[in-house]
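Novice: next one to model:
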Amino acid sequence: MSRQVFLYDPPDRFVAGTVGLPGRRTFFLQASAAGRTTSVALEKAQVEALAERIDELLDEVVRRTGGSAPVPAVAPVEYADTAPLETPVEEEFRVGTMALAWDAEGQRMVVEAQALVELEADTDEDLAAAEERLLQDETNGPPMLRVRITGTMARAFAKRALDIVNAGRPPCPLCSLPLDPEGHVCPRQNGYRRGA
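Specialist: Residues are numbered from 1 along each chain as shown. Below you'll find the model as predicted:
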């Protein structure tokens with residue numbers, strides 16, 4: 001079976017979003033264009049890392065080009081996308097590996113999210129080699145979402161993604177663990193239940 005690549009070049013919309021209540025949310029990347037939509041599931045930490053790395057890469061592009069690249073310093077307000085994910089949200093795959101690149105010729109950010117794959121190997125070196133072979137296999141590699149977006153779209157994506165990550169449960173002021181609506185057992189309170 002050949003590798004399935006969900007390519008959006010460019011997408012009409014590329015966002016991070018969630019389904020569910022804080023504390024039980026499932027995070028998704030969703031790309032849509034020309035009447036088709038692709039949703040891939042990932043962890044909250046992956047969304048946060050992706051958004052932070054996008055901002056860092058865009059800052060580096062601006063620095064290296066002396067500000068001549070079409071990349072805004074911050075996400076323009078008119079590009080803010082606060083709409084929910086397009087429904088129905090159907091998971092194509094769960095993300096394992098992500099990659100970012102800047103295409104200087106096309107002036108586009110390239111975001112790749114590849115499916116999580118379980119590999120077995122005897123040593124760490126064998127595992128690393130097997131992972132590299134699989135990820136480079138354009139014919140039989142894992143499914144992948146590949147999105148090419150402008151610098152402006154990338155800034156807007158990163159801002160929304162960080163806003164969504166931070167919209168979860170508030171942290172406990174004592175231990176920094178997430179507070180559920182019914183409270184939590186705080187280790188700094190010797191196990192006594194603390195209300196929200």
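Novice: next SSE after the biggest helix by length in the chain?
Specialist: The helix of greatest length in the chain, counted in residues with DSSP state H as the criterion, is given as helix 44-65. Past helix 44-65, further along toward the C-terminus, the next helix or strand under DSSP states H and E is strand 91-103.
Novice: buried ones in that following strand?
Specialist: The neighbour-count criterion (16 or more other CB atoms under 10 Å) identifies Glu92, Phe93, Val95, Gly96, Thr97, Met98, Trp102 as the buried residues of strand 91-103. C-betas here are computed from N, CA, C, even on glycine.
Novice: what of stretch 10-29?
Specialist: Per 16+ other CB under 10 Å, stretch 10-29 contains these buried residues: Pro11, Arg13, Phe14, Val15, Ala16, Gly17, Thr18, Val19, Arg25, Phe27, Phe28, Leu29.
Novice: and for stretch 72-83?
Specialist: Using 16+ other CB under 10 Å as the test for burial, stretch 72-83 gives Ala75.
Novice: got it, and stretch 58-69?
Specialist: Residues of stretch 58-69 classed as buried under the neighbour-count rule (16+ other CB under 10 Å) are Leu58, Val61, Val62.
Novice: any chance of those in TSV, with distance to Gln189 and pLDDT too?
Specialist: Listed next are the buried residues of stretch 58-69 as TSV, based on distance: CB to CB, whole Å; pLDDT from 0 to 100:
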residue	distance to Gln189	pLDDT
Leu58	42	94
Val61	47	92
Val62	46	91
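Novice: run through the protein and note the low-pLDDT ranges.
Specialist: Counting by pLDDT under 70, the chain shows low-confidence ranges at 1, 119, 134-137, 191-196.
Novice: contact partners for the residue nearest the centre of it?
Specialist: Relative to the mean C-alpha position of the chain, the nearest C-alpha, by CA atoms, centre = their mean, is the one of Val47, at 3.5 Å. Neighbour list for Val47: Ala16, Phe27, Leu29, Ala161, Ile164, Val165 [criterion: CB atoms under 8 Å, 6 or more residues apart in numbering].
Novice: got it, and Thr65?
Specialist: Contacts were defined as CB under 8 Å, 6+ apart; by that measure Thr65 touches no other residue.
Novice: now do Leu162
Specialist: By CB under 8 Å, 6+ apart, the contact set of Leu162 is Glu48, Ala51, Glu52.
Novice: going through those, which ones are buried?
Specialist: Neighbour-count burial within these applies to Glu48, Ala51; the criterion is 16+ other CB under 10 Å.
Novice: of the contacts of Leu162, closest to Thr38?
Specialist: Closest approach to Thr38 among these (CB to CB): Ala51, at 18.8 Å.
Novice: name the nearest residue to that closest one, ignoring sequence neighbours.
Specialist: Ala161 (3.7 Å; CB to CB, 6 or more residues apart in numbering).
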